[in-house]
Each structure stands twice: as structure tokens, then as C-alpha cells.
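Enquirer: Here's a sequence, model it:
(2 chains)
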Amino acid sequence: MRKIIAMLLAVLFVCGALAACGGNNNANNNSKTDNKGTADTASTADQKPAATGFKAGFIFLHDENSTYDLNFINAAKAACENLGVECIIKTNIPESNECKEAALDLADQGCGMVFADSFGHEDFMIAAAKECPDVQFCHATGTKAHTEGLDNFHNAFASIYEGRYLAGVAAGLKLNQMIEEGKITAEEAKIGYVGAYTYAEVKSGYTSFFLGARSVCPTATMEVQFTGSWYDETLEKEAATTLINNKCVLLSQHADSMGAPTACENAGVPDVSYNGSTVSSCPNTFIISSRIDWTPYMELAIKAAMNGDKIDADWTGTLATKSVALSEINDKAAAPGTAEKIAEVQKGLEDGSIHVFDTATFTVKGETLTSYKADVDTDEAYTPDTEVISDGYFHESEFRSAPYFDLDIDGITLLNTAF
Amino acid sequence: MATITKSTGKEPLFHIVRRTDMPIWKSWLIRILSVLASLIVCAVIIVLVTGDNPIQIYATMFKGSFGSPRRFWALLQGIAMLLCVSLALTPAFKMRFWNIGGEGQVLMGGLGATACMILFGNKLPAPVVLLLVIVVSILCGAIWGLIPAVFKAFWNTNETLFTLMMNYIAIQIVSYFTYIWSSNKGNNVINTINNDTHAGWLELPSSVDKYGYMLNVLIVAALTIMMYFYLKYSKQGYEISVVGESENTAKYAGINVKKVIIRTMIISGALCGVAGMLLVSGTDHTINPDTAGGRGFTAIMVSWLAKFNPLFMVVTSLLIVFMQKGAIEISTQFGLNSSFSDIITGIIIFFIIGSEFFINYKIQKRAKEVEA
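Expert: Predicted structure coming up:
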């Protein structure tokens, strides 16, 4: 026994010495990276203090392995670097009391602004906001801030339907190209769409995408397959394969894994992606991708918290605020002239000559809509409370930032609505 | 190392012998040394892989649990929840009934609580709702434990597969109800239930309990002591041990094995139901398929490492929750992916399990001189 202890102690000392050396090396490494100015933006104990002394805290549902969260993480780092504030990031925070715990812990650490990225975080952020009136709490994709009446709790979203519409234009041009080349007839121009849930955010997304495609390819139709999960690679791949077998000639998706893009690449079917470019994994089929760039909002919120200015209870980013972003176009898969056409339509959207949900461009059960009440103020019975159609178009993301377009328009077939 | 002497016999150089004579202080010394050794191995890996200073990383992990009163309470809450599920699984394990369905039993308990809060929240007085929450969630957990027990007792089905499958059924049922009750149509998120009235909320006034976890911690502390006495001193606890040692012995001793299996699994499921209730009614006030958070599986490890002793389980669950909290903190402070802390946790647990080998067995070298 004594020998074993002696041996363990010997190992301990040797390793202790090694660890100490390692520690020194590490210090050198850190100073090097600091000089280059490429140090990780996450705060470390020995990193030089940020220029302003302000701290911003971020709560993310998953980590960088999810495309959805990666988009937020990149924005958070960029916003903090641009403003010279310290960035404290907490990843893998579930939609439970742990979110409130994390938010209050960030406040304890001296963060003046705390941001959370997942819909289910909302109530826990509100609870934290009530406990800490001096800290600004910002929540992406939520719906309650405009009715909650708290000075320090805010929602934000972006008019991503405009980005989807533009991506849809690229899809429509691709369909036209396929028709012209004789690969399909005009009637076979069927798009497939992999969606997560039958929630307004998803419905608004695929409808705007479809309307964009149909604005340039009038014979386009669409089938939607739901997966019942925001992130499930296998289910998303299966749904994409089902759609491809149903003779969909072009796909897009609103779910966060690489499932659908991969299925498209394997089958050689062109794909319009979401949340960021997938061109590196899908070089032959990726056309374009739209995403929300959260950097402008995060900068705005941090600046307002620093200066003690008011933050809107409910903020909607637009093309003009650069919150709606499109990726590079992949010329290998996109139809010629896509960039020019998108620029033209984007101009139309920005000057108001084009509206995505123009009631003249779609029908519901064969009828053109002149009036529709949407459930803008969240309640348990989903009571429609606000008239959202006027001046000939559906006013999406104007009465609150989170989407509320939940109409089933003609031309889109939902294959399963269980979710 | 000692020199190896030549020998003439055919006896192998080393052989493993079971030891029975190790004093308790010695076995604990070995455990502590193994934890220290694991920290050293982790330190080497930290330096080699990330180039960060291991001492700083450990200090940061420590801060993750003890950095502020809030964090300390969150640590206690984490321990309480994991310990509650571990306590629930222990009687079943002691009986050699491999209940790996804790996750499902917790979820069903939580779902029971959710249902009472949503359905009766505005219809019945708050104390009645709370009573219903308690009764129904315990009942739901118990039923989810009872089903595999009945199949095991009467048809000798494999309880490991059965309880595992019951987890997936429970997850799907919860997912179905989160859709039905979702606060925004189709979004699968249930907002905080009864946020205005707090009907069905298990809580102490905030003047007594600033961080909101005191009641959970007290309840689980009481359960821990009760489970310790139940297993160690009660007749039922003794029956569980006998059935676990040998079903045939139990039969000859006149123990009704079927009854013990069913009774024990009802207790196991009911306690999981309590955990579900504490999570839904005590802290989250909502449910989603992730509410149990893998505790049903982590608890298996907690229970095993503590050798099914409820008091030791306090220590093992502390270790695991401490590691989890530390994980979040190091991924925040050092920008390390949280998988990295899983690696560290894995190494530490590997060493702890390894140390049990040296406590229970000794490696004996061949004797220097061959006996005549």
C-alpha cells in the first residue's frame, strides 16, 4: 500500500511540475494573441478589460453546433467587438428556470444588458426583468413585451419574410431556367419545403418564399412537410427525401440542421437554405440563403443600455437596418441574372412599390382577402385581435415584431399538419 | 518499483485477489487520491489540448458553484433535483430491477402537475389545486413505474428495455401536450402557468426564501433521510435486499417476490413523480420534453457510485452537479465548448470507478519463493 501511495505522489509531483510549465506557456500564448488583437471575445480572467467597462450578457439555447445559435453567437461577438464592450456568453441554457438563473447571474456579474435567443426563454426573462429593474433584458422572437408593460423587457425580430421573398425570387428564376432548358414542364414547377412546426413564424416564412418564387414563375406550386422539431437532422433529411420523391424539383427549409441541404446535394436537387450559407457542404445545389443579422439590434440595445436611452418594447429589423441579410449567390446552381433581379426586387421592397403579402397576389380558398384579424396580443385562446390587412396588403411584423401571418394560401399543400 | 524476481512455478506474475479487510479510512483515502489523480490527468489534457492554465480552469469551475449566494443556491437546487431522482431509482436497483425509466417517470409526474395547474388553476381554490398537483403527480409517476413492474412480476419481461421504452413514450406524450397547451398556436412552448394567481405553485414566501429553492431542498433532504432508514432498518427494505441477492432465497424465506417488485416500483415511480412535481410546480412552472434534463439517466450513475447508500448519494450528486455548473462557467469564461467539460467529468468518473476496483480487489504478485 505504501508503495502505491509513494508512486501516486511521485506521479503527482511530476504532473504538477508539467502543469506549472504549461501554465507559463499559456500566459505567453495569451499575450501573443492579445497583441494580434485576435483574442477570443469571450471574457477571460487575464484578458485586458474592455475599453468601456460595460458588460453585455448573452444566453443561448444551444452552442455553435446549431446554425440558429451560431448566427446569434457571431452577431454577439461582432456587436461587442464593434462597441468595445465585454461579452459574456452562456451557451446550452434550456428553456426552464435555468434561463432565469442564468439571466440573474449575468446581472450579478454586472451586465447592463442581457439577451436571450430562444422563444421559450421569454417568460423566464420576464421574471428576471421584474427582479432586476436596472438591467435591460432583450429577447429575440418573443411576443409579450408590447403587452407586458415593463420598462426593461424588450422583444426583437426582423422582417425576415422580405429576405425569404428575395430568396424565393432566386428560386423562381431557377425554376424558369429548368423550364426553359426542357428539364421540366411549366406545370411540374413544384417546390418542396421542410418546416419545423405549423407556427406563424414558419408559415410566414414559407408563404413569403413561395410568393417570391411565384412572382417570377407563375406556375409554381409548393408542398410543405413538417418535422415537429427545430433541430432533428434525421427527420429533416427524411422530410426532404419524401418531397424529392414527390417530384419536388427545388427545396427550401425552415429548420436548423443540415438535413435538408444534405439530402438535396445527394439527390442533385437545387436548394435555398436558411440561417447562413451551406455552399461549402453543398457546392452543386446551394443557390442562396437568407438570414437575420442580429448585430444591428444588439449594437442598438447595448448602446441604449450604456447611455440610459429607452429601447423599443418591440423592435423590428428590416432590409434598411441591415437586419435582413442574404448570403452570396452560388453561380454554379443559381440561374443567370439572379443577382440583378434580386437587387431590382429589393429596391421595390425598400421603396414600398412591392409588398410581400400583396392581397392581389394570393387567395385563400379561392377568395381574395380584404380583411383579416390576427392573434397579435398573445392569449391562451389565440383570440384574433388586430386587423392586419389594409391598403391592399397584409401588414406583417408591423403590430409586433414576431410574425403573425398564419394563413394557408392556395397553391401550397401541407402534407402533414400534426405539429 | 520493486524488482521482479525470477521464479520457477507456473503461477502467473500477477493475479487479482478479492479483499475483504480494508479499513474504511483506507478506502476513503484511495477514493480521494483517485480524484486527485484524475484532476492531474485532466490538467495535463487541459494544457495539451487548450493551452489554458488548469489551475485557473479549476478555480473557474469552483466559482461556477460557489461564486455568489445565487450560484450556491442553484447548486443546492441542482443537487436536490438529481438526488431526488437518484433516491427514487435506488430501491429498484437494490432489488436488481434495472429501472432506467426515471426520465419518463419524472416527466409523467411533471405532466400530472402541469395538467392540474392548467385545468384547475382558475376553477378551484389555490390550496386545493396544490393538493391535486401533489397527489396527481405522485400517482402519474407511480403508474409509470408500476406498468413495467407488473410485466416483470407476472411475465418476467426484461425491465431494462421496458423502462427504457417507457421513457420515449413519456417524451412523446409530453411533446403532444406541449403542442395542445402551447401558448402561441403551434409553437410548442407553454408559457408560465398561472403566472398571476400562482395556483398550484409549490413555494415559500419570497421573504423567507429569496432564491426560491428552499422548499425543494428541504423536501429532498427529508426524503433522503427517510429513504436511508427505509432501506436500512425497515422490514420492506430488508425484503428488497433479499430479493436483490437472490429471488429463490426470497421465495424460500416466504417473501412474496411479485408483491415486493410491484411495491418497490410504485415507490420508485412515485418518488420520480415527486421530482417531476418539484421541477414543474416548484421551479419551472411549465413543462417541455426536456424538463427532466437527462436526470433519469445521470441518477443511475449517482446511485451506483454511492453504492445505493442515500447518504453517500448526497456526495456523488454534489460532485456531478458541481461539474455541470463548472462546465457552464468554463465554457463562458474560456470559450471552451461544453463538450470539454464532459471530457473532464468522464475522466474523473473513470478514476472514481477505477478506484473501486482497487478497494475491492488487490493485485497480488507471485510469491518470491515457491512454497514447498
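Enquirer: List, one by one, the residues from the stretch 201-350 of chain B near chain A.
Expert: Proximity of the stretch 201-350 of chain B to chain A (CB under 8 Å from any CB of the partner chain) is limited to residues B:279, B:283-284, B:286, B:288, B:290-291, B:293, B:328, B:331-335, B:337-338. (Glycine included, C-beta is placed from N, CA and C.)
Enquirer: one more time with 7 Å
Expert: B:283-284, B:288, B:290-291, B:293, B:328, B:331-335, B:337-338 (CB under 7 Å from any CB of the partner chain).
Enquirer: any chance of those residues in CSV, plus secondary structure and neighbour count?
Expert: Listed next are these as CSV, based on DSSP: H, G, I helix; E, B strand; the rest coil; neighbours: other CB atoms under 10 Å in any protein chain shown:
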residue, secondary structure, neighbour count
B:Thr283, helix, 24
B:Asp284, helix, 26
B:Asn288, coil, 22
B:Asp290, coil, 15
B:Thr291, coil, 26
B:Gly293, coil, 19
B:Ile328, helix, 20
B:Ser331, helix, 23
B:Thr332, helix, 25
B:Gln333, helix, 23
B:Phe334, helix, 21
B:Gly335, coil, 19
B:Asn337, coil, 17
B:Ser338, helix, 16
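Enquirer: Just give me the closest of these to B:Thr345.
Expert: B:Ser338 (10.4 Å; CB to CB).
Enquirer: quick one, strands of the stretch 151-300 of chain A?
Expert: A:153-158, A:190-195, A:221-226, A:250-254, A:271-274, A:286-292 (DSSP state E, counting those that start in this stretch).
Enquirer: possible to save the ones you listed as TSV with mean neighbour count?
Expert: TSV is the format used below for the strands of the stretch 151-300 of chain A (neighbours: other CB atoms under 10 Å in any protein chain shown):
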stretch	mean neighbour count
strand A:153-158	26
strand A:190-195	27
strand A:221-226	23
strand A:250-254	30
strand A:271-274	30
strand A:286-292	26
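Enquirer: do you know which of those lies nearest chain B?
Expert: Proximity to chain B (CB to the nearest CB) singles out strand A:221-226 among these, at 9.3 Å.
Enquirer: Run a quick neighbour tally on the residue of chain B found nearest chain A.
Expert: For chain B, the residue closest to chain A is B:Val47, as judged by CB to the nearest CB, at 3.2 Å. Per other CB atoms under 10 Å in any protein chain shown, the neighbour tally for B:Val47 reads 22.
Enquirer: Got the confidence number for it?
Expert: Among the per-residue scores, B:Val47 shows a pLDDT of 87.
Enquirer: Name the helix or strand for it, please.
Expert: helix B:24-50 (DSSP states H and E).
Enquirer: Which strands or helices does that helix pack on?
Expert: helix A:2-36, helix B:54-66, helix B:338-360 (3 or more CB pairs under 7 Å, 6 or more residues apart in numbering or on different chains; DSSP states H and E).
Enquirer: when you compare where the last one runs with where helix B:54-66 runs, what's the angle?
Expert: Going by axes from the mean of the first three to the mean of the last three CA atoms, to 10 degrees, helix B:338-360 is angled at 90 degrees with respect to helix B:54-66.
Enquirer: same question for the helix or strand following helix B:338-360, mean pLDDT?
Expert: Once the chain leaves helix B:338-360, the next helix or strand it forms, by DSSP H and E, is strand B:361-365. Strand B:361-365 shows a mean pLDDT of 82.
Enquirer: Equivalent analysis for stretch A:266-273, please.
Expert: For stretch A:266-273, mean pLDDT is 96.
Enquirer: likewise stretch B:196-215?
Expert: Averaging pLDDT along stretch B:196-215 gives 91.
Enquirer: Mind listing what's buried along it?
Expert: Using 16 or more other CB atoms under 10 Å in any protein chain shown as the test for burial, stretch B:196-215 gives B:198-203, B:209, B:211-215.
Enquirer: any chance of these in CSV, with secondary structure too?
Expert: Converted to CSV, the buried residues of stretch B:196-215 look like this (DSSP: H, G, I helix; E, B strand; the rest coil):
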residue, secondary structure
B:His198, coil
B:Ala199, coil
B:Gly200, coil
B:Trp201, coil
B:Leu202, coil
B:Glu203, coil
B:Asp209, coil
B:Tyr211, coil
B:Gly212, coil
B:Tyr213, coil
B:Met214, helix
B:Leu215, helix
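Enquirer: if we can go back for a sec, determine how far the helix holding B:Val47 lies from the middle of the whole chain.
Expert: Distance of helix B:24-50 from the chain centroid (CA atoms, centre = their mean, to the nearest Å) equals 22 Å.
Enquirer: likewise stretch A:108-118?
Expert: Taking CA atoms, centre = their mean, one finds stretch A:108-118 lying 19 Å from the centre of the chain it belongs to.
Enquirer: Please apply the same query to stretch B:79-95.
Expert: Counting by CA atoms, centre = their mean, stretch B:79-95 comes out at 6 Å from the chain centroid.
Enquirer: Export it to PDB, keeping only CA atoms.
Expert: Output in PDB follows, covering the C-alpha atoms of stretch B:79-95 (Å, rounded to 0.1, in the frame of the first residue of the first chain):
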ATOM      1  CA  ILE B  79     -28.200  18.600  -6.100                       C
ATOM      2  CA  ALA B  80     -31.700  18.300  -4.700                       C
ATOM      3  CA  MET B  81     -33.300  17.500  -8.100                       C
ATOM      4  CA  LEU B  82     -30.700  15.000  -9.100                       C
ATOM      5  CA  LEU B  83     -30.700  13.400  -5.600                       C
ATOM      6  CA  CYS B  84     -34.400  13.100  -5.700                       C
ATOM      7  CA  VAL B  85     -34.400  11.000  -8.900                       C
ATOM      8  CA  SER B  86     -31.400   9.000  -7.600                       C
ATOM      9  CA  LEU B  87     -33.300   8.300  -4.400                       C
ATOM     10  CA  ALA B  88     -36.200   7.100  -6.500                       C
ATOM     11  CA  LEU B  89     -34.100   4.700  -8.500                       C
ATOM     12  CA  THR B  90     -32.200   3.200  -5.600                       C
ATOM     13  CA  PRO B  91     -34.800   0.800  -4.100                       C
ATOM     14  CA  ALA B  92     -35.400  -0.600  -7.500                       C
ATOM     15  CA  PHE B  93     -31.600  -1.000  -8.100                       C
ATOM     16  CA  LYS B  94     -31.100  -2.600  -4.700                       C
ATOM     17  CA  MET B  95     -33.700  -5.200  -5.800                       C
END
